[in-house]
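Participant: predicted model, plus sequence, below.
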Amino acid sequence: MSTSLPSTGLPSTGLPERLIFIRHGQTDWNAEGRMQGQKDIPLNDTGRAQATRNGTTLGDYLRASGQAAADFDFVASPLGRTRETMERIRAAMDLDPSAYRLEERLKEITFGRWEGFTLEELDRTDPELVLARRADKWGFAPPEGESYAMLTTRIAGWLAEVDGPTVAVIHGGVIRVLRGLLQGLEPAAIPRLDVPQDVVYVWDNGRLTVL
């Protein structure tokens, strides 16, 4: 039965029963506070260690809960940092690192012409736009970029098609809107959610747990 996702009003064919999602490991741009978006920035050493840690955590969780990795569909954003994270996660679980799917709709929110800059730098060059973003982070789209509202429509389309247990390696902005959709959060709260890179999110029958 089709329902409406709480708060956003977006259509849904029903939320998945079991979905595990993980942010890619840290990159140098993450560490520097640069808007990364869809730029293909590789993991740094910290990010590689985070990916391996998350793979170990996920493997331990599945064993402890009596679940088999073979029952899950493994899917990742096609950007390099998510692919490397997925491959390190699977290697840490003693799985074939290459045995997963790519999904274009899971790409990070794009910041358009702002990609590569810090907010401090943008505050000097585009102060009025930075103020507009602070006033409405949900609805604001940078020049040639996406808003969180636009990203939510994209992710909702993917979420409606998830039809079995899934492990997804994705991005910070994608995790924010995914949590918003799953938990029925108010739109204004979604862009401000914390998205650490050393945790595993488990959505299981309407409950979100962070490992």
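Facilitator: Yes, it's here. Not measured: the values here are computed from a predicted model.
Participant: lowest-pLDDT helix or strand in this protein?
Facilitator: Least confident helix or strand of the chain, by mean pLDDT, DSSP states H and E, is strand 3-4 with a mean of 36.
Participant: give me the contact list for the top helix by length along the chain.
Facilitator: Counting residues, the longest helix in the chain under DSSP state H turns out to be helix 45-64. Residues outside helix 45-64 that contact it (C-beta atoms under 8 Å, 6 or more residues apart in numbering) are 20, 22, 24-27, 30-31, 43, 68-69, 81, 84-85, 88-94, 167, 197-200, 202, 211. Yep, even glycine has a C-beta here, placed from its N, CA and C like the rest.
Participant: drop anything exposed from these.
Facilitator: 20, 22, 24-27, 30, 43, 69, 81, 84-85, 88-90, 92-93, 167, 197-200, 202 (16 or more other C-beta atoms under 10 Å).
Participant: and the residues you listed, which of them are in strands?
Facilitator: Among the buried ones among the contacts of helix 45-64, DSSP state E puts 20, 22, 167, 202 in strands.
Participant: how far away is the closest residue to Ile109 other than its chain neighbours from Ala135?
Facilitator: In space, and not counting its chain neighbours, Ile109 is closest to Gly173: 3.8 Å by C-beta to C-beta, 6 or more residues apart in numbering. Gly173 is 19 Å from Ala135, where distance means C-beta to C-beta, to the nearest Å.
Participant: more neighbours: which of those two?
Facilitator: Neighbours were counted for Gly173 and for Ala135 using other C-beta atoms under 10 Å; Gly173 has more, 25 against 9.
Participant: can you check the pLDDT for that one?
Facilitator: Confidence at Gly173, expressed as pLDDT, is 98.
Participant: for it, give me its contacts.
Facilitator: 108-109, 148, 151, 191.
Participant: repeat that for 7 Å
Facilitator: The contact partners of Gly173, by C-beta atoms under 7 Å, 6 or more residues apart in numbering, come to 108-109, 151.
Participant: repeat that for Gly164.
Facilitator: Here Gly164 is in contact with Asp73 (C-beta under 7 Å, 6+ apart).
Participant: residues of the helix or strand harbouring Trp158 that come out buried?
Facilitator: Assigned by DSSP states H and E, Trp158 belongs to helix 148-159. Going by neighbour count (16+ other C-beta under 10 Å), the buried part of helix 148-159 is 148-149, 151-152, 154-156, 158-159.
Participant: right, I'll leave it there.
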